[in-house]
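Visitor: here is a sequence together with a model predicted from it:
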Amino acid sequence: MSDVREKNDIAIAYKALCIANGLNNTERLVAAAILSHYSKRDGRCDPGIDRLARMLSIDERSVRRATNAICSERCGLFVKKSHGGMSGRASYIPQWDNFREIVTDWDRRMASGSGPEKCWKGDRTNMSGYDDDEPDISVQATGQKCPVEPDRNVRETNIINPFEEPISLSDAVECVSGADLLGRKEKAESDRKHQSIETETHAPVEERRTNWHAASAAIWESIRRLNGDDAAAVWAFASELGERSRGMRQVIRAEIAFAGAGLRELRRLMILHRLEGSNDHAASMH
């Protein structure tokens, strides 16, 4: 496999993890972390359970459950092969064709606005209490019951958990109202869009949900158009944030407020994250 093909496969795999139905938050994080350990030089990918748990700040039991799920025949994102011995480590083989299939179907949906062409074998949305024909943001899915002995992190069973909080004008413009992001002409255009958002706050729940997902899709599409290592880095950061995180909600609100502002806000958060990491590293050296 050429270096270019391999680089593209990795970027496509990150995108697939972001948009695939049927993965809970822990499974998505563990899959992204495993993919980050893939060596372009020799194809090796064998992070230990303890390492993944430590890096993701979740318990080892949850990591094991997640690896079993993403390596299962139902999901098919990785194939796991045990090294044997007492270490309990395993190699993870990314299934590039399956990642590409997920993204290809998504690109088709972006072009047509239609639903999935076929149910991906890893999609378990209907197991979580939602009716595909009449999605209802106001209904909380029951999903899978928690273990009798709960771990430190609660297992989330539905990727499309509803955003129940209304999108307020102040929330929508908190990241894009500064003069450093918008010129005078852009600011005037932004103000007009903000007025529409204020009206949208009182719109029907289904309409708000549609607008939210449209903004989210626009962000992923803008990232998809990036090239090279930059695309892979942004995909990786967005994947680590997770769709339900405070940071990603902030990014989506920015996109709703002003088209194109979501990607700018995502880059800003990415820079802040790197700076915080550098500061933590510098502090640990003293």
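Guide: Structure's in. What do you need?

Visitor: how much space separates residue 246 from residue 269?
Guide: Going from residue 246 to residue 269 by CB to CB, to the nearest Å gives 10 Å. Backbone N, C-alpha and C define where each C-beta goes, glycine included.

Visitor: for residue 103, same thing?
Guide: Residue 103 sits 23 Å away from residue 269, going by CB to CB.

Visitor: and what of residue 30?
Guide: 22 Å.

Visitor: more crowded one of those two?
Guide: When residue 30 and residue 269 are compared on other CB atoms under 10 Å, the one with more neighbours turns out to be residue 30, at 28 against 19.

Visitor: next, the contact list for that one, please.
Guide: Residue 30 makes contact with 52, 56, 63, 66-67, 70, according to CB atoms under 8 Å, 6 or more residues apart in numbering.

Visitor: quick one: neighbours of residue 79, just the number.
Guide: Around residue 79 there are 13 other residues, counting by other CB under 10 Å.

Visitor: quick one: contacts for it?
Guide: Counting by CB under 8 Å, 6+ apart, residue 79 touches 71, 92-93, 95.

Visitor: can I see the domain layout of this structure?
Guide: 3-109, 169-284 (automatic domain parsing).

Visitor: residue 116: which of those is closest?
Guide: When those are compared by CB to CB, domain 3-109 sits nearest residue 116, at 6.0 Å.

Visitor: remind me which helix or strand the closest residue in space to residue 26 that isn't next to it in sequence belongs to.
Guide: The shortest distance from residue 26 to any non-neighbouring residue, by CB to CB, 6 or more residues apart in numbering, is to residue 66 (4.9 Å). Assigned by DSSP states H and E, residue 66 belongs to helix 60-70.

Visitor: tell me what angle whichever helix or strand comes after that helix forms with helix 60-70.
Guide: Under the assignment DSSP H and E, the closest C-terminal helix or strand after helix 60-70 is strand 78-82. Here strand 78-82 points in a direction 120 degrees away from that of helix 60-70 (axes from the mean of the first three to the mean of the last three CA atoms, to 10 degrees).

Visitor: parallel or antiparallel, list what pairs with strand 78-82.
Guide: Using DSSP bridges, strand 78-82 pairs in its sheet with strand 90-94 (antiparallel).

Visitor: what does the partner strand contact?
Guide: 9, 13, 34-35, 37-38, 44-47, 67, 71, 77-83.

Visitor: list the buried ones in the next helix or strand after that strand?
Guide: From strand 90-94 onward toward the C-terminus, using DSSP H and E, the following helix or strand is helix 96-112. Judged by neighbour count using 16 or more other CB atoms under 10 Å, the buried positions of helix 96-112 are 96, 98-103, 105-106.

Visitor: ditto for stretch 79-99
Guide: For stretch 79-99, using 16+ other CB under 10 Å, the buried residues are 90, 92, 94-96, 98-99.

Visitor: next one: stretch 54-62
Guide: 56, 58, 62.

Visitor: try stretch 62-76
Guide: Across stretch 62-76, burial judged by 16+ other CB under 10 Å covers 62-63, 65-67, 69-71, 75-76.

Visitor: tell me which two in the residues you listed are the farthest apart.
Guide: 62 and 76 (20.7 Å).

Visitor: average pLDDT across stretch 273-282?
Guide: The predicted model assigns stretch 273-282 a mean pLDDT of 66.

Visitor: picking up where we left off before, residue 115 is nearest to which of the domains of the chain?
Guide: domain 3-109 (6.9 Å).
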